[in-house]
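S.K.: fold the following.
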Amino acid sequence: MTKKSTQRVSNKKPTSAIGSGKARALGKRSIILFGALFVTLAFGAASYLSGDQFRSSSAAVPQRFPGDPNPLISGKAYFGASGNYIATHEAAAGKSVAIYRKFNQWNTASSAVSTINSNYSNNRLVWISFKTPKWSEVAAGTHDSTLDSMLRTLDNAGKPVWVTFWHEPENDEGQANAGSATDFVNMQRHIRSRIDALNTTHIAFAPVYQSSKIVSMGSAHNNWYGSGIWDFIGFDIYQPNDTLSILNSKWTTTIAWVESKGLPFAIGEWGVRTTAPSSQITDFWNWQFTNNKDMVGMSYFDSDANSNGSWILAGANNTTFNTILKSDTKVMRVNELGSSTGGGGGGTPAPDTTKPTVSLTSPSNGETVKGTILVTGTASDNVGVKSVSLRIDDSYVKSDSASPYQFSIDTTTYSDGDHTVKLRAFDDADNQADSATITLKVDNVPASTGGGSSGGSGSTSGGSSSNGNTTVVSTKTSSSKSNPVPVDGTLVIKPSSPNSDVSVKVDGKEVDGNAVNTEGLTNGTHTVSVTEDGKTKHITIDVNNPWYLALLNHFLANYGLYTMITTAGVSAIWLFHRQISGFFSIFPTLRLRH
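M.R.: All right, here's what the predicted structure looks like:
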């Protein structure tokens, strides 16, 4: 699509031909100058393509649309919220909330301008969502006079504003005041045509989807997308489960879909429960920068106006949110637009090009590990370390932003064998450095049977371990009927990732939780079906209970059959008794004579 810009380039071509006499008259000096210019441009392009575009620069950051922080160059993004607690956050942080989300009805542009101006004067960017009339009507141009008036009014405010028309449309498909996915895309395309026709210079246009719909619809969600319409893609995501991170499979699936469209993205609403670990907020924010994502902003839904309960920031979560506002140099605010180093006096500081140093201190290279281990390291920098991330087999696992840098890792989620481990440190200028790489040998497969253990030769590959009468297997465990997992107590299924959702069935019957008490199963093989993040895997187990439990479970499992046999047996005996009695009744009664 053609990106919005405050400057427009003319498409008119020069009238003089390259082969004209004036062109042929170019001297040797001009040729040398043009050659030098070409080399300079080529070198600059090579630097950009080689990864230099991810480094902060003292030069102005080019904006792809109004209000764009261009995070892949500036290393910054907006961090803000919706709701009624903006002033409370700013009082605690001593700095402004960077982005403010607002929800308006149709034809309320005048009040929206007041919102834009008041927030801009307080160093906040406004992202506002408008409801519309029926989608097909807007798409047909029925409401163009009102739409054009709204767009002109917003643009005339003279401040960058992000605008969405009807957020979370998937939730309203088929409603009388909304329409179909086709209607929605047609409406969005028509609104873009009006923005272009009016030649606005301060409006950035984006949809706001639901992450849950992006995941559940799969490829069908493409029906809600139209190419060449928006400046960036917005979406909402929540994590109502306190024990799971918001950085789960739903998140990675959403990001994969968004990045396939080739546009930056922003999070219009997000939230975790008050009782969830506050580290989730920091990890969610830092993940974008650690992984070089083109995320231009995120807005927390700091409100209880939600059908799924309250998402208000409180306690440690509130403190963590305010700390990011106060101290994190990755937060962009509107008075910094066009500069990667931010506002404020004192001139432009020289760019920091010094890499941090980082060392992995534990465990040791070549060490054999099992169960849960602790990986630790140290890092330093001439300015300051922003974060240290753990990488296993050169894949990102998690990050820590405070010293001492340490990571608890469940090795049962990895296959047995050698795995490489290293740490990567980042400073505030996003300079990065890696520690030396070590190799660890994961060995969770039990070596022998006996003593109540459920291991033994012929046990699983892919990571299983037993402890007393408890057998732990990961969802990566390999098994078959000829090579089952031996069990004689409780079977515990561990997910391949701590953030995964797991459901378990035994022989087709659902189990509550991820622990199976095999003392209630008959001896022999059983199929354990494990569904993790929508994918199902079958693990074969071999139950070997004591004889008395085996006898009891066998009887209970075949209760119906034994009941039928017993009933038939009793009936047969009774019938036999009647027949025998009738037979002997034909003989005269024998009496003893004296």
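
S.K.: outline the domain layout of the protein.
M.R.: Under the assignment automatic domain parsing, the domains of the chain span 57-336, 357-442, 464-545, 553-581.

S.K.: and the third one, how far out from the chain's middle?
M.R.: Spelled out, that is domain 464-545. From the chain centre to the centre of domain 464-545 is a distance of 27 Å (C-alpha atoms, centre = their mean, to the nearest Å).

S.K.: pLDDT weak spots in the stretch 451-594 of the chain?
M.R.: 451-469, 497-501, 550, 553-554, 556-594 (pLDDT under 70).

S.K.: in it, which spans are strands?
M.R.: Counting by DSSP state E, counting those that start in this stretch, the stretch 451-594 of the chain forms strands over residues 464-467, 470-474, 485-487, 490-494, 502-506, 509-511, 515-517, 524-532, 535-543, given from the N-terminal end onward.

S.K.: circling back: dump the domains of the chain to JSON lines, plus mean neighbour count.
M.R.: To be clear about C-beta, it is placed using only N, CA and C from the backbone, and glycine gets the same treatment. As requested, the domains of the chain are exported to JSON lines (neighbours: other C-beta atoms under 10 Å):
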{"stretch": "domain 57-336", "mean neighbour count": "19"}
{"stretch": "domain 357-442", "mean neighbour count": "17"}
{"stretch": "domain 464-545", "mean neighbour count": "18"}
{"stretch": "domain 553-581", "mean neighbour count": "11"}
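
S.K.: return the member of those domains having the minimum mean pLDDT.
M.R.: Looking at those, the lowest mean pLDDT belongs to domain 553-581 (a mean of 63).

S.K.: break down the stretch 201-350 of the chain into its strands, ranges please.
M.R.: Applying DSSP E, counting those that start in this stretch to the stretch 201-350 of the chain gives strands spanning 203-205, 208-210, 233-239, 265-272, 295-302.

S.K.: neighbouring strands of the fourth one in the sheet, and parallel or not?
M.R.: So that's strand 265-272. strand 233-239 (parallel), strand 295-302 (parallel) (DSSP bridges).

S.K.: output that strand in CSV with nothing but the alpha carbons.
M.R.: In CSV, the C-alpha atoms belonging to strand 265-272 read as follows (Å, rounded to 0.1, in the frame of the first residue of the first chain):
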residue,chain,number,x,y,z
PHE,A,265,1.5,-3.8,15.0
ALA,A,266,0.1,-2.3,18.1
ILE,A,267,-1.8,-3.8,21.1
GLY,A,268,-5.1,-1.9,21.6
GLU,A,269,-6.1,-3.8,24.8
TRP,A,270,-4.2,-6.3,27.0
GLY,A,271,-4.4,-7.4,30.5
VAL,A,272,-3.4,-10.0,33.1
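
S.K.: can you put the strands of the stretch 201-350 of the chain in JSON lines and add distance to F79?
M.R.: Supplementary listing: these in JSON lines, determined by distance: least, C-beta to C-beta, whole Å:
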{"stretch": "strand 203-205", "distance to F79": "17"}
{"stretch": "strand 208-210", "distance to F79": "17"}
{"stretch": "strand 233-239", "distance to F79": "15"}
{"stretch": "strand 265-272", "distance to F79": "10"}
{"stretch": "strand 295-302", "distance to F79": "6"}
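
S.K.: I373 pairs with what?
M.R.: Under DSSP bridges, the beta-bridge partners of I373 are I409.

S.K.: show me the contacts for it.
M.R.: Contact partners of I373, counting by C-beta atoms under 8 Å, 6 or more residues apart in numbering, are P363, S408, I409, T411.

S.K.: contacting residues around the second one?
M.R.: Contact partners of S408, counting by C-beta under 8 Å, 6+ apart, are T372, I373, L374.

S.K.: do the same with N119
M.R.: By C-beta under 8 Å, 6+ apart, the residues touching N119 are Y100, L125, V126.

S.K.: how much space separates it from F321?
M.R.: Here N119 is placed at a distance of 18 Å from F321 (C-beta to C-beta, to the nearest Å).

S.K.: next: T88.
M.R.: Spatial separation of T88 from F321 under the definition C-beta to C-beta is 11 Å.

S.K.: next one: phi and psi at V369?
M.R.: Note on V369: backbone dihedrals following degrees, to the nearest 10 are phi -130, psi 160.

S.K.: wait, doesn't it sit right on V421?
M.R.: No. Applying C-beta atoms under 8 Å, one finds V369 not in contact with V421, separated by 9.7 Å.

S.K.: now for these two: what residues contact both?
M.R.: Residues touching both V369 and V421 (C-beta under 8 Å, 6+ apart) are L440.

S.K.: quick one on the thing from earlier: adding secondary structure, write the contacts of N119 out as CSV.
M.R.: Rendered in CSV, the data for the contacts of N119 read as follows (DSSP: H, G, I helix; E, B strand; the rest coil):
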residue, secondary structure
Y100, strand
L125, strand
V126, strand
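
S.K.: and the residues you listed, which is closest to N523?
M.R.: In terms of C-beta to C-beta, no member of the contacts of N119 lies closer to N523 than Y100, at 64.3 Å.

S.K.: which residue sits closest to the closest one, ignoring its sequence neighbours?
M.R.: For Y100, the nearest residue in space outside its immediate sequence neighbours is R124; the separation is 4.7 Å by C-beta to C-beta, 6 or more residues apart in numbering.

S.K.: list the residues that contact the one you found.
M.R.: Counting by C-beta under 8 Å, 6+ apart, R124 touches G80, I86, S96, V97, A98, I99, Y100, R333, V334.

S.K.: quick check: nearest residue in space to the residue sitting nearest the centre point of the chain, chain neighbours excluded?
M.R.: To find the centre residue of the chain, average its C-alpha atoms and take the closest one (C-alpha atoms, centre = their mean): that gives W251, at 1.9 Å. For W251, ignoring the flanking residues on the chain, the nearest one in space by C-beta to C-beta, 6+ apart is I237 at 6.5 Å.

S.K.: V185 now?
M.R.: Computed as C-beta to C-beta, 6+ apart, the closest residue to V185 that is not its neighbour in sequence is G226, at 4.2 Å.

S.K.: test my guess that the one you found contacts I191.
M.R.: No. Proximity of G226 to I191 does not meet the contact threshold set by C-beta under 8 Å, at 11.0 Å.

S.K.: report the longest strand in this protein, please.
M.R.: Of all the segments assigned as strand in the chain under DSSP state E, the longest by residue count is strand 417-427.
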